[in-house]
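Asker: Got a sequence here, can you build the structure:
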Amino acid sequence: MENVRDGFFKKLGVSQDEIKKEYGIDLYLFLDAVALGLKDEEISDIIGYDLERIKKVRQVLGNVGSDIGLTYKKDFIT
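Answerer: Have a look, this model is predicted:
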């Protein structure tokens, strides 16, 4: 059975492993920060990721914003 998290990443057209390999960024941690409404500069300062990499990942994700909500990766039974 496919979980909600896998479906979310498919919808974005990305793989967590590919993002980690190419940009060195943990996609879950990045998306948690985005879901909280943090700006790229804040994510860079708080988490320590390179600002240009963060901007590129956000662009790859279609400029995803806080509207994804904190429940984007939760496995809910429907």
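
Asker: Kindly tell me how buried the nearest residue to residue 24 once chain neighbours are set aside is, as a neighbour count.
Answerer: What sits nearest to residue 24 in space, not counting adjacent residues and going by CB to CB, 6 or more residues apart in numbering, is residue 53, at 6.7 Å. Quick note: C-beta positions are derived from backbone N, CA and C, even for glycine. Here the number of neighbours of residue 53 (other CB atoms under 10 Å) works out to 17.

Asker: Which residues are in contact with residue 53?
Answerer: The neighbours of residue 53, taking CB atoms under 8 Å, 6 or more residues apart in numbering as the test, are 23, 24, 25.

Asker: which residues touch the second one?
Answerer: Neighbouring residues of residue 24 by CB under 8 Å, 6+ apart: 49, 50, 53.

Asker: The first one too?
Answerer: The neighbourhood of residue 23, defined by CB under 8 Å, 6+ apart, consists of 53, 56, 57.

Asker: change it to 10 Å
Answerer: 30, 49, 50, 52, 53, 54, 56, 57, 60 (CB atoms under 10 Å, 6 or more residues apart in numbering).

Asker: From residue 67, how far out is it?
Answerer: To residue 67, residue 23 is 22 Å away according to CB to CB, to the nearest Å.
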